[in-house]
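Trainee: Next comes the sequence, and after it the predicted model I'd like to discuss.
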Amino acid sequence: MGLVDVDQYVNQALACLMDGAMCCSNSDDLNEKQRMSQKYDFLRLSCKALTQHIQRHIAETAQRLNALAAPIHCLPDELLIKIIALIPTVHRSHPRHLVALGFVSKDWNRVIFETPSLWAQINSHHSDGENRAVILKSKHCPLRIDYHDRHGGTAFIDLVGREAYRWQSAKFQLRSYNLLHKFVPLSVPLLEELIFDGGRVESWTAKNGFDIDIFSGGADRLRHVDLRYFPLPLNSHLLSRLLTLKMSGSCIWSGTSTSEITDMLRRSPELRTFELEYSGDDKIRVSGGIPLETEAAYLPVLTSFTLQLKHAKAAFSRILSSVRIPACTQFNLRCSNPTRNIFSNATCHLTDLLASTIQGLSDISLTLSESKLELIGSQDQSNLAVNIDFNHNLPWEDLAWLIRHTSSTVTWPSITAKIWCHEPLPFLPVADLLRRMPSIVELTLVGYSDPYISLLVDPTLSNGVNDWVLPDLRELSLEAYPSNSLQLVRELSRVRNGEGEMDQGDRVRLGLPAKLKTNVHDDGVRRKREPFYTASRELRGEDWAGDITDC
């Protein structure tokens, strides 16, 4: 396919004219009139031939274009509707963009204007006239409502409120509660998803007796609620059938108590996902004592639980001690300002949860400020990756208690561990951690690692006692290590791999691995894992740089 080259055909016609003129000039018996007539006839024939060439080329080009466009025109209506629905919402939701798409072809025009579901998005950014037209074109299809109070107002709420029986999803970005009374009497039988966004307004006025029952007319299909920086009371008729409840930012009232949060969960027995990420400056008030087993919020089908609080202290542990989530597969705890004894009243419930589910988890993380203990189990349960980031802010008592009590009831699978040590840390918690995870097969130490390497070189080996801290260790890697770590690794290699001619029988008797790989990076830069140094090279005192092989 290409453009028509008119110059080419004109040049061909001129060449033909010149040839004809030469032929005519050689005929002496023809008079001047005949020669001119012959020239005109030849010119007419040449122009006709040129026109035919151009028409033929245009026809071939059009045929190729039609062949390229044929699949679009031949698509079934159902597939074409799905293709149009894949266009980004920012374009598809605006009526003008749908009208523009209707000019692509007759088929597109027919499909777009005869498919009500493509006109189901109503946005307060559009004019009232456009929204009224969209409501008419959508006919009886479920509607998706998107409201922003900077672009809408009571007129928009009144317009879409008359179609509340068709709402399927609704998102409201509000800066105040002034319009909430509009939602009180509405009946939304088809509503499945509800989002209230306060626009990151960090400070809301206290509840002060504020009590409003939105959608009192009924919301039987409501399954997903997301509150973003927007405290909103949720009554029992909205909570009883929820599958997802997410609350983030300043999402709860100032002065809200832990018992109110527990009660909210207790009234949501069908929850699958719960997220509370509270970033407000006001602390959650702790009320009442530790609930009895019969008073706890029992969520038998909840699989994802996230709790993130800016001020943990007693509220953090009280909420944990008030829930029972036996089916949880994604468990996330975060605290931006950790304090000691965070789990003072919830440790037993937390460790019971971890102990009963840890080997079946696909994702479990425990994060405390910059210091984190993150456990990520593989799907087949054959390997558990443990990433531990130690920092001086870490509440060692809680972490040690958690590891000790969880490890006492869990048979750990093979573990790949990476320990980040930003500075010299208390020795005993790390030693306790390593002793509680004897099935570590790969260990990476980053930062200040000297004390922990010393821990691996167990002096009881000289007495022939099989008392290794990590008996299954096969691979040890160091990154950003101090200068004296090199000597410790050399000592570890001598002891664990056997200096001299230690035969395999001695290794088995002492419980030693057949091989221990060691890998050292001295520049502190995380790099792709490389082959490892041979014990023979290391024992000869040769430089550790250069080619590396298994030891």
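Mentor: Structure received.

Trainee: How is the protein divided into domains?
Mentor: As given by automatic domain parsing, the domain ranges for the chain are 6-74, 243-382+391-412, 438-551.

Trainee: Show me what the top helix by length along the chain is packed against.
Mentor: Counting residues, the longest helix found in the chain (DSSP state H) is helix 32-74. With contacts taken as 3 or more CB pairs under 8 Å, 6 or more residues apart in numbering; DSSP states H and E, helix 32-74 sits against helix 6-25. The C-beta positions use only the backbone N, C-alpha and C, and glycine is treated the same way.

Trainee: Now do the same for the helix it packs on: mean pLDDT, whole number.
Mentor: The average pLDDT for helix 6-25 rounds to 58.

Trainee: okay, and for the stretch 251-400 of the chain, where does confidence drop off?
Mentor: Scanning the stretch 251-400 of the chain with the threshold set as pLDDT under 70 gives 251-255, 279-294, 310-314, 334-400.

Trainee: change it to 90
Mentor: Within the stretch 251-400 of the chain, the segments meeting pLDDT under 90 span 251-268, 275-400.

Trainee: So what's the residue count around residue 182?
Mentor: Here the count is done by other CB atoms under 10 Å, and residue 182 has 14 residues near it.

Trainee: Same check on the one 3 residues further on?
Mentor: Residue 185: 13 surrounding residues under other CB under 10 Å.

Trainee: Remind me which helix or strand it belongs to.
Mentor: Assessed by DSSP states H and E, residue 185 sits outside every helix and strand.

Trainee: On the three-state scheme, the closest residue to it other than its chain neighbours is what?
Mentor: Ranked by CB to CB, 6 or more residues apart in numbering and with sequence neighbours excluded, the top spatial neighbour of residue 185 is residue 217, at 5.9 Å. For residue 217, the assignment made with DSSP: H, G, I helix; E, B strand; the rest coil gives coil.

Trainee: I'd say residue 217 and residue 183 touch.
Mentor: No - using CB atoms under 8 Å, residue 217 makes no contact with residue 183, being 9.7 Å away.

Trainee: Which one's more surrounded, the two?
Mentor: Using other CB under 10 Å, the more surrounded residue of residue 217 and residue 183 is residue 183, with 21 against 14.

Trainee: How much space separates the residue nearest to that one when sequence neighbours are not counted from residue 182?
Mentor: Among residues not flanking residue 183 along the chain, residue 214 sits closest, at 4.4 Å (CB to CB, 6+ apart). With distances taken as CB to CB, to the nearest Å, residue 214 is found 9 Å from residue 182.

Trainee: so how far is residue 177 from the residue nearest to residue 183?
Mentor: Applying CB to CB, the value for residue 214 to residue 177 is 11 Å.

Trainee: So for those two, which sits in the more crowded spot?
Mentor: A side-by-side neighbour count of residue 214 and residue 177, using other CB under 10 Å, places residue 214 first with 21 against 15.

Trainee: hmm, back to that, state the pLDDT value of the residue nearest to residue 185.
Mentor: 75.

Trainee: residue contacts, it?
Mentor: For residue 217, the contacting residues are 185-188, by CB atoms under 8 Å, 6 or more residues apart in numbering.

Trainee: Neighbour-wise, which one of these leads?
Mentor: Neighbour counts for those (other CB under 10 Å) peak at residue 188, which has 23 neighbours.

Trainee: Looks like that one contacts residue 165 (just checking).
Mentor: Yes - using CB under 8 Å, residue 188 makes contact with residue 165 at a distance of 7.2 Å.

Trainee: Just give the closest residue to residue 172, not the sequence neighbours.
Mentor: Per CB to CB, 6+ apart, closest to residue 172 is residue 147, 4.8 Å.
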